[in-house]
Structures are given as structure tokens and as C-alpha cells.
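Novice: next one to model:
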Amino acid sequence: VQLVESGGGLVQPGGSLRLSCAASGFTFSRYEMRWYRQPPGKERELVARITSTGGSTNYAESVKGRFTISRDNTKNTVYLQMNSLKPEDTAVYYCNTRQGVVGVDYWGQGTQVTVSS
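Specialist: Below is the predicted model of the structure:
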């Protein structure tokens, strides 16, 4: 399993970014995918999740109405569109898949998002 995030960067408050996560090494279309983030000095938290078909999504309360998770199963890629960014969205963002009977977590290397003026 390999997950490679991209799209992070420095953006001003109110701006937008689109993160991508390219997946390989497993049958992407069979698995739920998730985005997590870890702010400086804090624990990693779940931001958004999307079912295998993309038919259902869930979001953390802090990002509802601003972030949108989506996926393209033909490209083995999951996205996180982030709008109306706030300084408190500053974090390293990670792509995740949980697989197997015991639920093994696989992570990408993360991509830094910094929201600052």
C-alpha cells in the first residue's frame, strides 16, 4: 500500500487549496478513504471520510460547509477541497486507508498546509 499526498502550501485566510492523495498497491475502489490532520503540538484528528463508491461522506464539525472530500476511482485518487481556510486549519494533512480484519492503518507522508497572512 502506498499513499502519496500533494497540494499543500501556504495560503492566506479565506483562501482555498485542493489536496490530492494518489493510492497504489491495493484495490482502491473497494475501500473507504479518510483525510486526517495534525496541528502543531496536537493529536491527529479525523477531518473527512468517503465510502468506497463515494456515495457517502462525513466531516468533522470544524470543517463542515468548508471542506469537500471526493474520489476518482478511475484514477485511484482521493481529494480534499478546502475553502474559506482559517489559521486553525494549519496542520499536516494525511491520507489514510484502514484495511483487513483487524483494521490496519496505512498513511501517506503528509502534506503541510499553513494558513497565515
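Novice: and Ala22, what helix or strand is that in?
Specialist: Counting by DSSP states H and E, the secondary-structure element that holds Ala22 is strand 17-24.
Novice: what comes into contact with that strand?
Specialist: Identification of contacts with strand 17-24 by C-beta atoms under 8 Å, 6 or more residues apart in numbering yields 1-9, 11, 33, 35, 75-82, 85, 93, 95, 97, 108, 111, 113. Heads up, the C-betas are built off the backbone N, CA and C, glycines and all.
Novice: can we see that at 6 Å?
Specialist: 2-7, 11, 76-82, 93, 95 (C-beta atoms under 6 Å, 6 or more residues apart in numbering).
Novice: ranking these by neighbours, who comes first?
Specialist: Taking other C-beta atoms under 10 Å to define a neighbour, the member of the contacts of strand 17-24 with the most is Val78, carrying 30 neighbours.
Novice: okay, the strand holding Ala22 in CSV with CA atoms only?
Specialist: Output of strand 17-24 as CSV, limited to C-alpha atoms (Å, rounded to 0.1, in the frame of the first residue of the first chain):
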residue,chain,number,x,y,z
LEU,A,17,-6.4,24.6,-1.5
ARG,A,18,-7.0,21.2,-3.1
LEU,A,19,-5.2,18.3,-1.7
SER,A,20,-4.7,15.0,-3.6
CYS,A,21,-3.8,11.6,-2.5
ALA,A,22,-2.6,9.1,-5.1
ALA,A,23,-3.1,5.5,-4.0
SER,A,24,-1.5,2.3,-5.2
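Novice: which one of the contacts of strand 17-24 sits closest to Thr27?
Specialist: Within the contacts of strand 17-24, proximity to Thr27 (C-beta to C-beta) peaks at Asn76, which comes in at 9.2 Å.
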